[in-house]
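> A predicted structure for the sequence below; I have some questions about it.
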Amino acid sequence: MYQTQEIGENAKVFRAELLERAARFRSSAEDPTRNLQSCPSLVLNADYTPLSYYPLSLWPWQTAIKAIFLDRVDVIETYDREVHSPNLDMKIPSVIALKQYVKPSEFPAFTRFNVFLRDRFSCQFCGDQHNLTFDHVVPRRLGGKTTWENIATACAPCNMKKGGRTPKQAGMQLYAEPIRPTHWQLQQHGKQFPPNYLHETWRDWLYWDIELEA
Ligand SMILES: [Zn+2]
């Protein structure tokens, strides 16, 4: 009984760690996809799909090896590089899979990043992908709230042009009504933005649909 509870607590802590790591690399310069020298490990869920597509779920190799010793992950693929310690030589894991399935929350957090991802990083009025800002569809001065349903991605010129008006008042049309997306919907959008660099051992675990078209 006690033991089960303890495992449950550990799983919770571990999950928090996963989410924290996923968040940490979102926009950071230390993004491991840009620094392959650091040999990041692609992290798959227990069903062998990536824990996250965008940002791609990657751990520093040190974290991956720690998880191996804690018996929380299986090694699926490795780099050619090895780490050495007095007791052990080990190839650095390039793809690992969690032993215990982490269920994603149904609704993702309302964050700036996730709003951009919902709107595929494009202005919802003209489609431009530069100078992106957030527009209150119903302006704040008219009681518009800062919610999934009232925030749309807009380029700075469109935002300026719309000013403190509703789309109708401004004669501007939204591509889509802003909605609160599900986790699944955001992941689908995330698949459209592959990282700049993919290690060859990751490819079998990613973007199946794209590979099929090639
Ligand atoms: Zn625009």
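Sure thing, it's come through. Numbering: from 1, shown residues only.

> now do the same for V43: helix, strand or coil?
Following DSSP: H, G, I helix; E, B strand; the rest coil, V43 is assigned to strand.

> and it, how far is that from K162?
41 Å (C-beta to C-beta, to the nearest Å). (Glycine included, C-beta is placed from N, CA and C.)

> over to A152?
A152 is 10 Å from K162, by C-beta to C-beta.

> the two: who's more crowded?
A152 (26 against 21; other C-beta atoms under 10 Å).

> my read: the more buried one touches F116, true?
No - using C-beta atoms under 8 Å, A152 makes no contact with F116, being 10.6 Å away.

> contacts for the longest strand seen in the chain, please.
For the chain, the strand with the greatest residue count under DSSP state E is strand 73-85. Where contact means C-beta atoms under 8 Å, 6 or more residues apart in numbering, the residues beyond strand 73-85 that reach it are 39, 43-44, 48, 61, 64-65, 67-68, 89-99, 199, 201-202, 205.

> give me the sheet partners of it and which way each runs.
According to DSSP bridges, strand 73-85 forms sheet pairs with strand 88-98 (antiparallel).

> which helices and strands sit right next to the helix or strand that the strand it pairs with is followed by?
With elements assigned by DSSP states H and E, the helix or strand that comes after strand 88-98 is helix 112-118. When contacts are defined as 3 or more C-beta pairs under 8 Å, 6 or more residues apart in numbering; DSSP states H and E, helix 112-118 sits against strand 132-136, strand 151-155, helix 183-190.
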